[in-house]
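Visitor: what shape does this take:
(one chain, ligands or ions: 2)
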Amino acid sequence: MADPKIGVLVMSYGTPESMDGIEEYYTHIRRGHAPTPEQLAELTSRYDAVVGGVFPLRENTNRQAEGLQAALDAAAPGRYAVYQGLKHARPYIEDGVDAMGADGVRQAIGIVLAPHYSSMSVGSYMTRARERAEERGIAFQAVESYHLHPKLIEALVKRVRDAYAELAASTGAGKPLKVLFSAHSLPVRIREIGDPYEEQLLATSSAVAEGAGVSDWQFTWQSAGRTREPWLGPDILETLKETAEAGYAGVLSAPIGFVSEHLEVLYDIDIEAQAEAKRLGIKLVRIDMLGTDSLYMETLAETVEQAGRAAFM
Ligand SMILES: CC1=C(CCC(=O)O)c2cc3nc(cc4[nH]c(cc5[nH]c(cc1n2)c(C)c5CCC(=O)O)c(CCC(=O)O)c4C)C(CCC(=O)O)=C3C
Ligand SMILES: [Fe+2]
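Guide: Ligands and ions are numbered 1, 2, ... in the order given. Here you go, the predicted model:
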């Protein structure tokens, strides 16, 4: 019999299965506490505004998992089997590990569809995966980040170049433009624990700006939670205002903390930030998300293979 494959647990945030599933999803995000009717209505209205009953993150994650399986098969035929595990929706991270166990997988690598490490994001995915893997007797190796992988940078550079040219064409020659890199905000308390999240995001931003030949850029946060504690800022809405007041004619939004089109991109950037830009009289164009870009799929495959070699060979 062939050796069992190395399992690859591809993890992502997860999204509701339907409009009826938003409450269960939100309750899971809030660690078992149901949202108030106002909170539920607010989140529902954001999903309604973007997609009206379709949840693009689910299909996008399916396609990325298939793309990674294909890239791994091309590099090492028959060695790896990809499973999905979602943080806040089915199949949950634990379901993905259980599926590997049921298939006889003894060795697994975990990777998140988010390039930057934070203890509050990737770290918490990995804790759940590792705990379940230990219970199932599966050796587990975590990929913590891949934010400077040359192919990831190359894919982002291409997107920034293309969208910058589009922005420059639509604002007219010689007008001052700025690139705004962004990622999901986190509570300010991550700074107290020496979390690498901010440093990694700045490193990606600066590598992409350099590769694209862009000198005028800034990093800013987006999608901060609606809680009482302070979150990292400045928020992109504030930054847009300052940028407009400083006389810029346009901004290129590059949400490099995300790899897919979902609520934080389709609502927070394409609807909310876009409306603010219009109000301020400044042009806003967003880069295309990575999706199943072959350079991104190769980034994931090479990172998985490297982790596999280090841990299991
Ligand atoms: C770091 C990070 C990423 C990037 C890394 C990664 O991808 O993991 C990310 C991605 C995403 N976040 C998403 C959705 C939501 N996040 C929320 C709330 C929160 N996010 C947080 C952090 C992050 N989130 C945190 C600290 C909270 C507070 C509650 C908690 O401590 O966990 C809420 C609750 C309401 C609200 O606050 O808006 C929603 C609906 C979707 C899916 C959208 C879709 O369905 O298309 C995606 C990809
Ligand atoms: Fe989130």
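Visitor: from here on, contacts and neighbour counts on C-alpha atoms
Guide: Noted.
Visitor: pull out the buried residues from stretch 217-229.
Guide: Of the residues in stretch 217-229, 217-224 count as buried by neighbour count, 16 or more other CA atoms under 10 Å.
Visitor: ranges for the helices of this structure?
Guide: According to DSSP state H, the chain carries its helices in the segments 22-29, 37-50, 56-75, 93-102, 122-135, 150-171, 197-212, 236-245, 263-266, 274-280, 294-312.
Visitor: could the ones you listed go into JSON lines alongside mean pLDDT?
Guide: Conversion of these to JSON lines gives the following (pLDDT from 0 to 100):
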{"stretch": "helix 22-29", "mean pLDDT": "97"}
{"stretch": "helix 37-50", "mean pLDDT": "94"}
{"stretch": "helix 56-75", "mean pLDDT": "97"}
{"stretch": "helix 93-102", "mean pLDDT": "98"}
{"stretch": "helix 122-135", "mean pLDDT": "98"}
{"stretch": "helix 150-171", "mean pLDDT": "97"}
{"stretch": "helix 197-212", "mean pLDDT": "98"}
{"stretch": "helix 236-245", "mean pLDDT": "98"}
{"stretch": "helix 263-266", "mean pLDDT": "96"}
{"stretch": "helix 274-280", "mean pLDDT": "98"}
{"stretch": "helix 294-312", "mean pLDDT": "97"}
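Visitor: quick one, which of those is nearest to ligand 1?
Guide: With CA to the nearest ligand atom as the criterion, ligand 1 lies closest to helix 263-266 of the helices of the chain, at 3.8 Å.
Visitor: next up, the contacts around the residue positioned nearest the centre of the chain.
Guide: The centroid of the chain falls nearest to Phe258 when counting by CA atoms, centre = their mean (2.9 Å). Applying CA atoms under 8 Å, 6 or more residues apart in numbering, we find Phe258 in contact with 114-115, 183, 289.
Visitor: likewise Ile138?
Guide: Under the criterion of CA under 8 Å, 6+ apart, the neighbours of Ile138 are 101, 105-108.
Visitor: who wins on neighbours among those?
Guide: Note: the member of the contacts of Ile138 with the most neighbours is Ala108, at 30 neighbours, neighbours being other CA atoms under 10 Å.
Visitor: which bits of the stretch 51-200 of the chain sit near ligand 1?
Guide: Counting by CA under 6 Å from any ligand atom, the residues of the stretch 51-200 of the chain lying close to ligand 1 are 57, 114, 121, 184, 186.
Visitor: now do stretch 302-313: distance to the chain's middle.
Guide: Distance of stretch 302-313 from its chain centroid, counting by CA atoms, centre = their mean, to the nearest Å, is 22 Å.
Visitor: what does that stretch contact?
Guide: Stretch 302-313 is touched from outside by 8, 107, 109, 111, 141-143, 146, with contacts defined as CA under 8 Å, 6+ apart.
Visitor: and if you look at stretch 242-255?
Guide: The set of residues that contact stretch 242-255 without belonging to it, under CA under 8 Å, 6+ apart, is 160, 163-164, 167, 171, 175-183, 265, 269, 280-287.
Visitor: tell me if that stretch is near ligand 1.
Guide: No: among the residues of stretch 242-255, none lie within reach of ligand 1 under CA under 6 Å from any ligand atom; the closest is 10.4 Å away.
Visitor: ends of that stretch, what's the gap?
Guide: Distances were taken as CA to CA, to the nearest Å; on that basis the terminal residues of stretch 242-255 are 18 Å apart.
Visitor: can you point out the buried residues in that stretch?
Guide: The neighbour-count criterion (16+ other CA under 10 Å) identifies 243-244, 248-255 as the buried residues of stretch 242-255.
Visitor: of all the contacts of Ile138, which comes closest to Leu68?
Guide: The nearest member of the contacts of Ile138 to Leu68, counting by CA to CA, is Ala108 at 14.8 Å.
Visitor: gap between the nearest residue to that closest one once chain neighbours are set aside and Arg159?
Guide: Leaving aside its sequence neighbours, Ala108 sits nearest to Gly7 (CA to CA, 6 or more residues apart in numbering; 4.4 Å). Gly7 is 31 Å from Arg159, where distance means CA to CA.
Visitor: which of these two has more neighbours?
Guide: The residue with more neighbours, out of Gly7 and Arg159 and counting by other CA under 10 Å, is Gly7; that gives 28 against 20.
Visitor: OK, contacts around Lys158?
Guide: Counting by CA under 8 Å, 6+ apart, the residues that Lys158 touches are Ala212.
Visitor: ok, whatever residue of the stretch 1-150 of the chain ends up closest to ligand 1 - contacts?
Guide: Per CA to the nearest ligand atom, Thr15 is where the stretch 1-150 of the chain lies closest to ligand 1, at 3.8 Å. Going by CA under 8 Å, 6+ apart, Thr15 touches 25, 55, 57-58, 88-89.
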